[in-house]
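Peer 1: need a structure here:
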Amino acid sequence: MSVTQDLQSLSDVLTGADRTLRAGLSAAPRVWPTGFAALDTYVGGGLRAGELTLLGGPQGLGKTTFVLQAIRNIAAAGGTAIYFSFEHEEEMLLERLLSMEAAIAAGMDAMSIGALHKAMAADPSAASLSERLSKLVGGPQALAGVQDWGQRVLLRRCGASTTMQDIAAAVESVTTDRPVVVVDYLQKIAGSTPGVEDERVTGVVQELKDLALRCELPVLSIVAADKEGIAEGRRLRIQHLRGSTALAYEADVVLIMNDKFDVVARHHLVYNVGNAERFRDWVVLTIEKNRSGLDRIDLEFEKRFTQGRFEPAGRVVNEQLVDERVFVE
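Peer 2: Down below sits the predicted model:
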């Protein structure tokens, strides 16, 4: 059977896979572990080449912290990441990453973000960054760590006029390694129909998916919730992502964050009052969609927000969760 240049038979794909394996290489899509062990277990090892992952959640629950920690872990393991930030300045991102690195070296005794911010403020002594961090627990190790993998984390500050064409051009300019692409956040990307959000978001999410496929790399994007999703008394779900049903359709993986205290069933609070404060320390990360494996999996990660991070191990939630939030003081 003859085929055109645009078509490839499955037999040719099979032959190519065999050739790749005989050369000692992998014939499976490349995977970048996030460093969050429980999540990586359920999503096929981490972020996968050609796939679009979306992360949604209420404001202030740690979405940026989560993706920054994944970026740090990917870079420390030898990978490259590009972070497109519509929300935060480069100096703030540096503070967060230094704090994470310090915690890896010194654990709970490591410097807090507050202490680091104070150390990096203007000072008549004009001391160097190295001198300032030398006085903080985990500071020297944090600086050495970031210096070690910092060249593999590429930051781009974005604005209201940043388009998908700008993002794609920046990604395609990286020639040393296929990067993990992180966007914070999707609804901020300028589109061809700026006055109609559903249409604009549809176009943007389709282009992000196309970018992942075309460049054979993973794209991880934070997404905002609509008014219904962030209303008091409701657990955020995939249908509450703001903009378009295309978000759920185009994405390969959808992760949704909720505060554990807000979504745990009432009986866990009523019959054990001590649970109330303990649950406040945890975020539930639900795998709402997973094209390559299991979904509707509820994982939980402990907050360490004074150090700008989560405990990376995580675990499956044992308690019953509900869609109507319960507030017990």
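Peer 1: any low-confidence regions in this structure?
Peer 2: 1-5, 20, 25-28, 192-195, 227-233, 244, 269-275, 325-329 (pLDDT under 70).
Peer 1: And the helices in it, which stretches?
Peer 2: 10-22, 37-42, 63-76, 90-106, 113-119, 129-133, 139-149, 164-172, 197-215, 246-250, 260-263, 266-270, 274-279 (DSSP state H).
Peer 1: if we compare these, which one ends up closest to Asp184?
Peer 2: helix 63-76 (5.8 Å; CB to CB). C-betas here are computed from N, CA, C, even on glycine.
Peer 1: what angle do the closest one and helix 90-106 make?
Peer 2: 60 degrees (axes from the mean of the first three to the mean of the last three CA atoms, to 10 degrees).
Peer 1: contacting residues around helix 63-76?
Peer 2: Residues outside helix 63-76 that contact it (CB atoms under 8 Å, 6 or more residues apart in numbering) are 32-36, 47, 55-57, 80-81, 83, 87-88, 93, 96-97, 100-101, 145, 148-150, 152-153, 180, 182, 184-185, 220, 222, 257, 285, 301, 305, 308-310, 312.
Peer 1: how long is stretch 56-63 end to end?
Peer 2: Length of stretch 56-63, first residue to last, CA to CA, to the nearest Å: 7 Å.
Peer 1: buried ones in that stretch?
Peer 2: For stretch 56-63, a neighbour-count test (16 or more other CB atoms under 10 Å) marks Gly56, Gly57, Pro58, Leu61, Gly62, Lys63 as buried.
Peer 1: got the residues you listed as JSON lines, with distance to Ala17 columns?
Peer 2: Putting the buried residues of stretch 56-63 into JSON lines (distance: CB to CB, whole Å) gives the following:
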{"residue": "Gly56", "distance to Ala17": "35"}
{"residue": "Gly57", "distance to Ala17": "38"}
{"residue": "Pro58", "distance to Ala17": "43"}
{"residue": "Leu61", "distance to Ala17": "41"}
{"residue": "Gly62", "distance to Ala17": "40"}
{"residue": "Lys63", "distance to Ala17": "37"}
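Peer 1: Among those, which ones are in strands?
Peer 2: Counting by DSSP state E, the buried residues of stretch 56-63 place Gly56 in strands.
Peer 1: Greatest separation within the buried residues of stretch 56-63: which pair is it?
Peer 2: Gly56 and Gly62 (12.2 Å).
Peer 1: related to what we said a few turns ago, pick the one among the buried residues of stretch 56-63 closest to Glu207.
Peer 2: Closest approach to Glu207 among these (CB to CB): Gly56, at 18.8 Å.
Peer 1: So what's the residue count around the nearest residue to the closest one once chain neighbours are set aside?
Peer 2: In this structure, Gly56 finds its nearest non-sequential neighbour in Val223, 4.7 Å apart by CB to CB, 6 or more residues apart in numbering. Residues lying near Val223 (other CB atoms under 10 Å) number 26.
Peer 1: could we number from 46 for the rest of this?
Peer 2: With the count now opening at 46, the last piece we talked about shows up as Val268.
Peer 1: What distance do you get for Val268 to Ala257?
Peer 2: 15 Å (CB to CB, to the nearest Å).
Peer 1: ditto for Leu200
Peer 2: Distance from Leu200 to Ala257, counting by CB to CB: 20 Å.
Peer 1: swap in Tyr87?
Peer 2: 20 Å.
Peer 1: CA atoms only: put stretch 183-195 into PDB for me.
Peer 2: This file holds the C-alpha atoms of stretch 183-195, laid out as PDB (Å, rounded to 0.1, in the frame of the first residue of the first chain):
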ATOM      1  CA  GLY A 183      20.300  27.000  55.300                       C
ATOM      2  CA  GLY A 184      21.300  30.200  53.600                       C
ATOM      3  CA  PRO A 185      24.700  29.200  52.200                       C
ATOM      4  CA  GLN A 186      23.300  25.800  51.000                       C
ATOM      5  CA  ALA A 187      20.400  27.600  49.400                       C
ATOM      6  CA  LEU A 188      22.700  29.900  47.500                       C
ATOM      7  CA  ALA A 189      24.900  27.100  46.400                       C
ATOM      8  CA  GLY A 190      22.000  25.000  45.200                       C
ATOM      9  CA  VAL A 191      20.300  27.800  43.200                       C
ATOM     10  CA  GLN A 192      23.700  28.600  41.600                       C
ATOM     11  CA  ASP A 193      24.000  25.000  40.700                       C
ATOM     12  CA  TRP A 194      20.700  24.600  38.800                       C
ATOM     13  CA  GLY A 195      19.700  28.200  38.200                       C
END
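Peer 1: burial count for Ala121?
Peer 2: Residues near Ala121, counting by other CB under 10 Å, number 18.
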